[in-house]
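Q: With the sequence up front, the predicted model follows.
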Amino acid sequence: MIRIGVDVGGTFTDITALDTGTGARDVYKLPSTPGDQSEAVAEGIDRLVTAMDATAASIGYLGHGTTVATNALLERAGARTALITTRGFRDVLEIARQRRPALYDLFVTKPAPLTRRAWCFEVDERLSAAGKVLVELDTARLDPIIARLRELEIQAVAVCLLHSYRDPVHEIQIRDHLRRHWPEGYVSISSEITPEFREYERFTTTTMNSYVGPPMARYLDRLGRRVAELGSPVAPLVIQSNGGLASLAATRDRPVGTLLSGPSAGVVAARHLGERIGRTNLITFDMGGTSTDVCLIGEGTAMVSPQRDVDGYPVRSPSLDIHTIGAGGGSIAAVDPGGALTVGPRSAGARPGPACYGHGGDRPTVTDAHAVLGRLSPEGILGGAMRLDVAAAEAVVDGLAGELGMDRERTALGILRLVEAGMARAIRHVSVATGVDPRDHVLVAFGGAGPLHAAGIAAELGIGTVLVPPNPGTLCALGLLVTDLRTDLVGSVYQVADTEALPELNGTLRRLSTQARSWLAAEHIDPADRELTAVASMRYRRQNYELDVPLPARDLTTGDLTELVDRFHALHTEAYGFAHEGAPVQIVGVRVSAIGRIPRHEPPPLPAGGPTPPPSAVAARRPVVFEAGTEDATIYRRDALLAGNRIAGPAIVEQLDTTTVLPPGTTGRVDEHGNLLIEVATR
Amino acid sequence: MSAPDMITTQVIGNALLGIAEEMGVALRRSAYSTNIKERSDCSTAVFDHAGRLIAQAEHMPIHMGSMAGLIAHLVGADLGLTDGDVFITNDPYAGGGTHLPDITVAAPVFRDGELIGFVADIAHHSDVGGRVPGSNSGDCGSIFEEGLRIPLVRLVTAGRLSTDVLSFVTLNSRLPEERGGDIRAQLAACHIGRTRLLELHDRYGAATLREATGALLDHASRRLRAAVAAVPDGEYAFTDHLDPDEPGGAPVPVAATVTVAGERIAVDFTGTGPQSALGINVVRSALEATVCYAVKAVLDPEIPANGGFFDGIAITAPEGCLVNPRPPAPVAGRTDCCQRVADAVLGALAKALPERVPAGSHSSVTYFTLAGEQGGDFWVYPEVVAGGMGARPDRDGLDAVQVHITNSSNLPIEALELEYPLRVNAYELITDSGGAGRFRGGLGIRREIQALDSGAEFSSHADRQQVPPWGLCGGLPGDPGAFVVHVRDGKGERLRSGRASGIHLEPGEAVRIEAPGSGGHGDPLERDPGAVAADVADGRVSPAAALDQYGVVLTAAGLVDVAGTAAERTRRNATT
């Protein structure tokens, strides 16, 4: 049986395949086809199975990461979307949280709603906060709205009523009516997309689901068809923002769940790599050209955030808590009007890119600083496929150095120190915001630029170990091979955690668990591989931020409740340093996660060698500049290193998809999984 | 900055900013009240050994005044600071505060007996006692009516929490449990800040830290001077007005004269009205924070907002005027006057740099509380409703945002209905409230809230209910705001002033809050007719206003009648 992971990126489509019979693993990379991503996906799968002397008929598993929904949003190429809401509230999306995105910028803009005010329709209906119907809905009143939808050529509708998380009755009536009388349109209802209180976040998420729904549905249909035409007996599973997979049908109904899925497969892969070496507290550090993604993994579990932002919009959908920092290899260094060196937020992007790439970039970037300091191979990157114009990098860095009155090398080192200090602050912020001390973690570095900076950032954060995976540039495709199926179902409770809350709490838990089980059954998961987990979102009464407290996915007893409250106090102490023992604790909602375990298949281990790397692994020696001065560093070839090899900094490890820097004082070790583990002296 | 120290300095600056941010995280995460957690009505900062601000987490520009004011008092007075002390205050006259609900907590940080800096945080508390629930109504006659005055006192002495002081404060609040929780959260934030500042100090050493903070202040000061040097020399004056502070009175002038000479900038408020009997007075710390906001926003939004920047602006105001009052002048609603100070400074700078300044914004802190008693417990719901941001020289103003010195979130309708015996009937943009112009002013917000069960007591402070937000370069003014109380079946009674208290809403009665729009920029007859048609389709502009104000003729289908519009505009231009 062949297991396949396909990750579609902006430039390339990466495919990883594993033959579970022979243990053979193969990768294939081809240019993405932005017009229809499924073209490259199908073509790549076809070529890879052919190269493995197999046919598509032997495919037993197909994990897929796609950016179709995300691109539709970022390019504002979604459907013409209308909103149907409670009378008096058509401006919830316009008003948002009434904050401006920047305090001091008088020319600031805020993201416009994904619908138009003219396309927001109000209906007479109203629920109280307790879920009582105050004003009945008359579905006959929807008919003039449907006529308008047709006139306006609306393609998708978001139905978002006040307090529908309490009782979806009116939203369901509207949806059913629309399905009957407007069958051509795509409809999402907020009580299904994210049944939680706080209207702006719920309305926006639902509107976004409708906005990306039609283009995503068209894509998934095409993809399913192409894969079937190849002769694959299995349909693709699509990775979601929560780091789990879901079927084409489930993704079609809830595409908003994929909006933040881009980096999630990398996090899943990092967790998997950590698990294999017995390290469960990790910080992933995925640095690319324009941005960097960071995620915390605690005790083998990636943190899940109930809400994240996409392009200025809140998306209320359980997602791996990945934080994006707006700095990468392409970040531009400049001198500010006060004479200080700054790095970013402007970026040279992919084009023109850094000066050393020779595409006309004329501003010094982080990558140019690396080139100047001898950290990137003068023969070029991507195995020499892309030449480096070191002289161009020197010229732009010299320009900056002249403005600063510093020398070339100090300037380049300064650029790296500043970008690393900024990254370290961002990672620290992410950690402490969840009550975590980064020092207890392993930094897993990937993406094209992650391994260049990982040792420096680890030192800044007090992190002792850095893990560089075998293929840091294609980690996402690996992640797609080791991802479980998963869905997260949320329900509102809003009760003080005492015995009186039990009926509602247990009712909600039962309802969500039943839904979760039928989801797993619909996804054809073997009962032995099914798992349900649950958390309660809890807070002190009058607080407005919640903590997730694990709870058993079954009916709760009074005793369970007491334990739950105790655990909440303990978590609160852990996160914030104190607890209000005796203060009323509220359960705001519960989340049940359904997980369908996918069997793992280990690739064969890396051949073992001694502590000294084989001579073939030493590519060269060259002068490389570090803070303490210029050192004669050994340059290693990653693909020739063997398990057990040890490397002492100063050293550079080169491979096709990245470059790893080991500054003086650090040591590296290759393990049997092919990971490069770097020990960093901490302050 | 001399190389290579500049990089180290910036790395330290980055770390100091990280400390302020981490304090902010700790404060928001552990606070009790929605005002802090949900609306982020709080700020945090780190100061150097001499009490100069070196890093802040940006939440509310106005808060910087209070923290800087408190630290100035701490440094100035002979209080015998010792390791492990934490101070608390809220007093505008004795503690550097700006109004009583803003409680500031600050700690000196020592290493080996030597003072290395201060950490401070501030939060808007939903009630600190006084005559009116919420302690924030604009119609108190003196500060003694406005709530508990906490002088600069130790809340923690040498590491030991003074429960005496804490209970004294909490007992004076209508919500003692919430006050206790919030103040403890403020202490937790200070504790984190102190720990991190010590770590930074130990890592770099006292001398390097001190040098670096000095260099950071110099850098901001240099950046300000560079920005000022680019402004044409001259004296630029602008007078804006607050709504009358007494029935039948005249609007109250707020007059700013900005003088630019080379690298120096000075702002003087001579011509501003006398201090008021209402709580709209602005003490020194609030004035400084506001002027700094306006200067930074216009000249260079990227200037680090630290002491080096603050000290570079010379600010003067005659004693006894609205922006330099004598105690015990009431100050609860000072934000309205601060917003007017910002408008006056922006208006003056518009004369020097017309391409960089928007038309007048809603510039009110349309604040109200609804409060009551339910089952023996007090409940207090404070809220600020945003409005329009003035049209910019190159684009429309934003609808429905906070401007200038505040940026607090709303409380979601669903959260408020879950929490309080209230129901929201409508929450919407107000058509035509944005001033017409080549670029349109942003729209204000209407929010109607109904009292349930046992009714509710309404109190408020707000401005721009009579004096509208101004247009620029031929743009028209935006609509002023209003409070309408005792609303039943859509009809109610409009309050004559934005500053009110003691209004009881019977169960079933509602209050309608209308926040102002904002001014337009440029001649409305030059606005792109297509943009007008889109505004009409979206209900931001009425068809009548499209014709009256913009001279745009629309077809029955809502499309631009090109010939009709050209004729209409030609006719208008001929008659003016």
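A: Received, thanks.
Q: how's chain B carved up into domains?
A: Split into domains by automatic domain parsing, chain B comes to B:6-220, B:358-522, B:528-574.
Q: do the longest one and chain A meet?
A: In this case it means domain B:6-220. Yes. Legend: contact between domain B:6-220 and chain A by CB under 8 Å from any CB of the partner chain is shown at B:6-7, B:10-11, B:14-15, B:17-18, B:21-22, B:25-26, B:28-34, B:37-38, B:58, B:61, B:177-178, B:181, B:184-185, B:188, B:191-192, B:203, B:219-220. For the C-beta atoms, the positions are set from N, CA and C on the backbone; glycine is no exception.
Q: How about the shortest one?
A: Yes. Contact between domain B:528-574 and chain A is present through B:537-540 (criterion: CB under 8 Å from any CB).
Q: what's the span of that domain from first residue to last?
A: Across its full length, domain B:528-574 reaches 19 Å end to end, with CA to CA, to the nearest Å as the criterion.
Q: which residues sit in contact with the residue of chain A most remote from its centre?
A: Summary for chain A: using CA atoms, centre = their mean, the residue whose C-alpha lies farthest from the chain's mean C-alpha position is A:A140, with a distance of 42.8 Å. With CB atoms under 8 Å, 6 or more residues apart in numbering or on different chains as the criterion, no residue contacts A:A140.
Q: what do you get for A:G609?
A: A:641-645.
Q: how close does the nearest residue to it once chain neighbours are set aside sit to A:S210?
A: Beyond its immediate neighbours in the sequence, the residue positioned closest to A:G609 (CB to CB, 6 or more residues apart in numbering or on different chains) is A:L642, lying 2.9 Å away. In this structure, A:L642 lies at 54 Å from A:S210, with CB to CB, to the nearest Å as the measure.
Q: Looking at the two, which has the bigger crowd around it?
A: Taking A:L642 and A:S210 together and counting by other CB atoms under 10 Å in any protein chain shown, A:S210 has the greater number of neighbours (31 against 18).
Q: So what's the model's average confidence on the helix or strand harbouring that one?
A: With secondary structure defined by DSSP states H and E, A:S210 is part of helix A:199-230. For helix A:199-230, the mean per-residue pLDDT is 97.
Q: Same question for stretch A:562-580.
A: Confidence over stretch A:562-580, taken as the mean pLDDT, stands at 83.
Q: chain center to that stretch: distance?
A: When C-alpha coordinates are averaged (CA atoms, centre = their mean, to the nearest Å), stretch A:562-580 and its chain have centres 29 Å apart.
Q: again with stretch A:496-512
A: Between the mean C-alpha location of stretch A:496-512 and the chain-wide mean there is a distance of 32 Å, by CA atoms, centre = their mean.
Q: In that stretch, which residues are buried?
A: Buried residues in stretch A:496-512, counted by 16 or more other CB atoms under 10 Å in any protein chain shown: A:497, A:501-502, A:505-506, A:508-509, A:512.
Q: What distance do you get for the residue lying closest to A:R222 once chain neighbours are set aside to B:Y427?
A: When the adjacent residues along the chain are set aside, A:R222 lies closest to A:S38, with 4.8 Å between them (CB to CB, 6+ apart). For A:S38, the distance to B:Y427 equals 43 Å [CB to CB].
Q: likewise A:T109?
A: 22 Å.
Q: Neighbour count for the two, which is higher?
A: B:Y427 (25 against 14).
Q: So the closest residue to that one other than its chain neighbours versus B:N425, what's the distance?
A: Distances taken as CB to CB, 6+ apart place B:R447 nearest to B:Y427, at 5.0 Å, with adjacent residues excluded. As for B:R447, its distance to B:N425 is 9 Å (criterion: CB to CB).
Q: In terms of packing, which of those two has more residues around it?
A: The neighbour count for B:R447 versus B:N425, taken as other CB under 10 Å, is higher for B:R447 (23 against 17).
Q: quick check: angle from the host helix or strand of A:R3 to helix A:199-230?
A: Here A:R3 is covered by strand A:2-8, with elements defined by DSSP H and E. Strand A:2-8 and helix A:199-230 meet at an angle of 130 degrees, taking axes from the mean of the first three to the mean of the last three CA atoms, to 10 degrees as the criterion.
Q: From the contact counts, what lies against strand A:2-8?
A: Using 3 or more CB pairs under 8 Å, 6 or more residues apart in numbering or on different chains; DSSP states H and E as the contact criterion, the neighbours of strand A:2-8 among helices and strands are strand A:12-19, helix A:37-51, strand A:59-65, helix A:475-481.
Q: pLDDT of it, averaged?
A: Across strand A:2-8, the average pLDDT comes to 92.
Q: go on, stretch B:497-513?
A: Taken as a whole, stretch B:497-513 carries a mean pLDDT of 94.
Q: Relative to A:I174, how far out is the nearest residue to A:R87 once chain neighbours are set aside?
A: Distances taken as CB to CB, 6+ apart place A:E122 nearest to A:R87, at 4.3 Å, with adjacent residues excluded. Applying CB to CB, the value for A:E122 to A:I174 is 12 Å.
Q: any residues in contact with both of the two?
A: Residues within reach of A:E122 and of A:I174 at once, by CB under 8 Å, 6+ apart, are A:I84.
Q: Between those two, point out the one with more neighbours.
A: Counted by other CB under 10 Å, A:E122 and A:I174 do not tie: A:I174 has more neighbours, with 23 against 16.
Q: wait, is the more buried one part of a strand?
A: No. According to DSSP: H, G, I helix; E, B strand; the rest coil, A:I174 belongs to no strand; its state is helix.
Q: got the contact list for the closest residue to it other than its chain neighbours?
A: Sequence neighbours aside, A:V159 is the residue nearest to A:I174 in space, at 4.9 Å (criterion: CB to CB, 6+ apart). Counting by CB under 8 Å, 6+ apart, A:V159 makes contact with A:84-85, A:171, A:174-175, A:178, A:187-190, A:206.
Q: since we're on residue 313, how many residues are nearby?
A: Since you didn't name a chain, this refers to chain A. Counted by other CB under 10 Å, the residues lying close to A:Y313 total 20.
Q: That was the other one, I meant chain B.
A: Residue crowding around B:I313 was assessed by other CB under 10 Å; the count is 19.
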